[in-house]
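> Pasting the sequence and the predicted model now:
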Amino acid sequence: MRHALVGGILVSLICALAGTWVVLRGMAFLGDAMSHGMLLGVAVASLIGVNLLVGALVSAGGMALGVSAISRSPKLSQDTGIGLLFAGMLALGVIVVSHSESFAVDLTAFLFGDVLGVRPRDLVHLGVALGVCAVVALPGHRLFVALAFDARKAHTLGMRPRLAHVLLLALVTVAIVASFHIVGTLLVFGLLVAPPAAAALWANRIAMIMLGAAVLGVVSTAAGLVVSWHAGTAAGATIAAVAVALFFVSALGRGVAGRNRTQ
């Protein structure tokens, strides 16, 4: 439980750094596609005996590069590229998995995570991932801000929006790959999107959104672990459910506050 709590906190901090930009840039579909598309890399890595994180990183990175390449076409939107690669890579991953019955347990962990199985070396990996995200997010903050609000104006000002987009994709990739073995690919979106979205309802500054997302992510982790311990529910799913529930509580509170202000 202690390892799960520390691991969940590290994942919350990672997702706060990356998830804020996912919310501000409207990249939820891309993040969802990348998290599911990792199945192909994880399956192949398991077959050839390579670390699963390496396979996940290669697969997610390949999808990010593929989406960027397809979206350069003036006749195809970014959503089209995401949908194509999402369906294709997920289908190939399922095909690889279907040829081996030994994937039954691993696939469950891939989809839903195993937060209670976090080991000390996993915490080291998460710490390294957090450092990498910080190295990308802090120096690239101005580029990401310009990209989030007006890519054309950013280009005019010499802010290099293409480089910013690549760095942002790298940031999201690292966050998803580092988090999937904790809460699973189906649930990683709970921590990646819900806390930043909840914080964005109240904060007007990006730094405050990140701080609020980090706090809400940590609260979701602690509360989810406590609830799962006493209720006997899946820990990763409970953490994600608490994170999403906090978003709706935040949205309800914001709506009530706005209504009272207008009266």
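In hand now; what should we look at? Residues are numbered from 1 along each chain as shown.

> in the host helix or strand of Val226, what's buried?
For Val226, the host element (DSSP states H and E) is helix 206-231. Residues of helix 206-231 classed as buried by neighbour count (16 or more other CB atoms under 10 Å): 206, 209-210, 212-214, 216-218, 220-225, 227-228. Glycine gets a C-beta too; all of them are placed from N, C-alpha and C.

> What of stretch 31-38?
Quick answer for stretch 31-38 (16+ other CB under 10 Å): 31-38.

> Among these, which one sits closest to Ala234?
Taking CB to CB as the measure, Ala234 sits nearest to Ser35 out of these, at 17.5 Å.

> Verify the contact between the closest one and Val193 for me.
No. Using CB atoms under 8 Å, Ser35 makes no contact with Val193, being 10.9 Å away.

> Could you pull up phi and psi at Ala234?
Per-residue torsions, Ala234: phi -60, psi 130 (degrees, to the nearest 10).

> With Gly140 instead?
Per degrees, to the nearest 10, the backbone of Gly140 is at phi -90, psi 10.

> Just list the residues touching the spatially closest residue to it that is not a sequence neighbour, thanks.
Distance criterion CB to CB, 6 or more residues apart in numbering; nearest residue to Gly140, sequence neighbours excluded, is Leu167 at 4.9 Å. Applying CB atoms under 8 Å, 6 or more residues apart in numbering, we find Leu167 in contact with 136, 140, 143-144.

> any idea how far Leu167 lies from Leu191?
21 Å (CB to CB, to the nearest Å).

> so what does the host helix or strand of Val242 touch, helix or strand wise?
In this assignment (DSSP H and E), Val242 forms part of helix 235-262. Under the contact criterion of 3 or more CB pairs under 8 Å, 6 or more residues apart in numbering; DSSP states H and E, helix 235-262 touches helix 161-183, helix 188-200, helix 206-231.

> Give the rounded mean pLDDT of the shortest one.
For helix 188-200, the per-residue pLDDT values average out at 89.

> cool, and the longest one?
Looking at helix 206-231 alone, the average pLDDT works out to 94.

> What is it packed up against?
helix 2-25, helix 188-200, helix 235-262.

> which of those helices sits most buried?
Mean neighbour count, computed with mean count of other CB atoms under 10 Å, is highest for helix 188-200 among those, reaching a mean of 27.

> Just want the angle from that helix to helix 206-231.
130 degrees (axes from the mean of the first three to the mean of the last three CA atoms, to 10 degrees).

> before we move on, the earlier item: tell me the two of the contacts of Leu167 that are most distant?
The distance between the two most remote of those (CB to CB) is 10.3 Å, for Val136 and Leu143.

> Could you measure from Gly19 over to Met1?
Taking CB to CB, one finds Gly19 at 25 Å from Met1.

> so where does Ala203 fall, helix or strand?
Counting by DSSP H and E, no helix or strand carries Ala203.

> Now it. Its backbone dihedrals?
According to degrees, to the nearest 10, the main-chain angles of Ala203 amount to phi -90, psi 150.

> so what's it closest to, chain neighbours aside?
Nearest non-adjacent residue to Ala203 (CB to CB, 6+ apart): Ile209, at 4.6 Å.

> doesn't Ala197 make contact with the one you found?
No. Taking CB under 8 Å as the definition, Ile209 is not a contact partner of Ala197, at 9.2 Å.

> any residues in contact with both of those two?
Common contacts of Ile209 and Ala197, defined by CB under 8 Å, 6+ apart, comprise Val23.

> Ile182: which of the helices and strands packed on helix 206-231 is closest?
Per CB to CB, nearest to Ile182 of the helices and strands packed on helix 206-231: helix 2-25, 5.1 Å.
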